[in-house]
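Asks: From the sequence below, what's the structure:
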Amino acid sequence: MPIWIFRIATLVAFPFLTYNFIKPDWMTLLGGLLCGAIVVAGEVIFKRLRLIKIMIACTGLILGYVLFVLFDYGIDHFLQMDLMWWEQHRLHVEITLLVFGVLASLFKSRDLEGLSYTGHHLKVADLSALIDGRIVDLCEINFLSGIIVLPVFVLDKLNEMVASKDPLERAKGRRGLDVATRLQELKDIAVRITNKNPKGDTLEAKTVALSKNFDAELVTLDFNMSKAALLANVTALNIADLATALKPVVLPGETMSLFIMKDGKEKEQGIGYLDDGTMVVVEEGRKHIGKRTEVAVYSILQTSSGRMIFAKVK
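Replies: The predicted model follows:
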């Protein structure tokens, strides 16, 4: 349901309530309208989704009153009798229906929020993205915008990993929960936790299905997850692919300053690394181990596991 429906409901509910329950004059009506406008303006300015619950409650209040009016109309026009009990308890029934409308709307508020916020400004973070942690860095530099969605079933999986007997599994689980906490502490990006749990045999299938239901983009580092998202017509933002695309371009014949860390497999070879972790094999670089020296690139080998650069001491 679009958010503007709740905004209009708020602007209608506040004047209605002040006029009927405080004082029936124009000043009270304008005061209620001002209160509603303040609530809507606060929701727009601060972009805090928690304020939507206020608007949902106002909508429930209006629906409860409409239900009372219909009930009252039915008793007066269809029963065709003077009911003393109804006259004595009319106010009690009205208050009960109003409270029922508010409570019922708040009970379904999570589902309403999920329906209100859909589209590609939503980013669903999967298990691999939370364990990796670089999603926080991308949010901090405003590379990822919109709303980050954390599925409850992914957080439950992290809690299971924390309880595992495997030390590596526990460490991954703790890191994932720490990353989720850091995301919620960010001031410039909104983070929402959803209880929606779509059908799926695996965690990956559920994550892809949730992204498709929200029409959201999927943030991942898992190659198989990216392929599954592609088959489901879901846009996948693979952080690993981004890191590969941002590796510096090195061409044969180019020179660079390189710190040679250790010797290579072949005689007189030295090994160094670029800032992104790309290994550089330097011919005749063994005698320069522990030093920074100028090297010239003469060959680049692209493998399935990454790039290897071959160079000579200049």
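
Asks: From now on I want contacts and neighbour counts done on CA atoms only, so please keep to that.
Replies: OK.

Asks: Let me know the helix or strand that V297 is in.
Replies: For V297, the host element (DSSP states H and E) is strand 292-303.

Asks: That strand - contacts with which helices or strands?
Replies: Helices and strands touching strand 292-303, as assessed by 3 or more Cα pairs under 8 Å, 6 or more residues apart in numbering; DSSP states H and E, comprise strand 255-263, strand 306-313.

Asks: And the strands in the stretch 1-150 of the chain?
Replies: Using DSSP state E, counting those that start in this stretch, the strands of the stretch 1-150 of the chain run over 122-125, 147-151.

Asks: Let me have those strands in TSV, adding mean pLDDT as columns.
Replies: Below are the strands of the stretch 1-150 of the chain laid out as TSV (pLDDT from 0 to 100):
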stretch	mean pLDDT
strand 122-125	92
strand 147-151	92
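
Asks: Can you tell me which of the ones you listed is packed in deepest?
Replies: Of the strands of the stretch 1-150 of the chain, the one with the most neighbours on average (mean count of other Cα atoms under 10 Å) is strand 122-125, at a mean of 25.

Asks: circling back: neighbouring strands for the strand holding V297, and are they parallel or not?
Replies: strand 255-263 (antiparallel), strand 306-313 (antiparallel) (DSSP bridges).

Asks: how about these, which one is nearest I95?
Replies: Closest of the strands paired with strand 292-303 to I95 is strand 306-313, at 68.5 Å (criterion: Cα to Cα).

Asks: From L91, how far off is the closest residue to L98 other than its chain neighbours?
Replies: Closest residue in space to L98, ignoring its immediate chain neighbours: G64 at 4.5 Å, by Cα to Cα, 6 or more residues apart in numbering. The gap separating G64 from L91 is 13 Å, by Cα to Cα, to the nearest Å.

Asks: The two: which is more packed in?
Replies: More crowded of G64 and L91, by other Cα atoms under 10 Å: G64, with 23 against 11.

Asks: wait, doesn't the more buried one sit right on A104?
Replies: No - contact between G64 and A104 fails when scored by Cα atoms under 8 Å: they sit 9.5 Å apart.

Asks: if we can go back for a sec, which residues does the residue nearest to L98 contact?
Replies: Each residue near G64 by Cα atoms under 8 Å, 6 or more residues apart in numbering is listed here: L97, L98, V99, F100, G101, V102.

Asks: what about 6 Å?
Replies: L97, L98, G101 (Cα atoms under 6 Å, 6 or more residues apart in numbering).

Asks: Neighbour-wise, give me the winner out of those residues.
Replies: Most neighbours among the contacts of G64, by other Cα under 10 Å: G101, with 24 neighbours.

Asks: Quick check: it vs T18, distance?
Replies: Look at G101 and T18: by Cα to Cα, they are 18 Å apart.

Asks: quick one, which of the helices and strands packed on strand 292-303 is nearest to D201?
Replies: Here strand 306-313 is closest among those (Cα to Cα), at 32.5 Å.

Asks: Confirm that P252 lies within a helix, as I assumed.
Replies: No - secondary structure assignment (DSSP: H, G, I helix; E, B strand; the rest coil) places P252 in coil, not in a helix.

Asks: residues near it, how many?
Replies: As a burial measure, P252 scores 13 neighbours (other Cα under 10 Å).

Asks: need the contact list for it.
Replies: By Cα under 6 Å, 6+ apart, the contact set of P252 is V297, Y298, S299.
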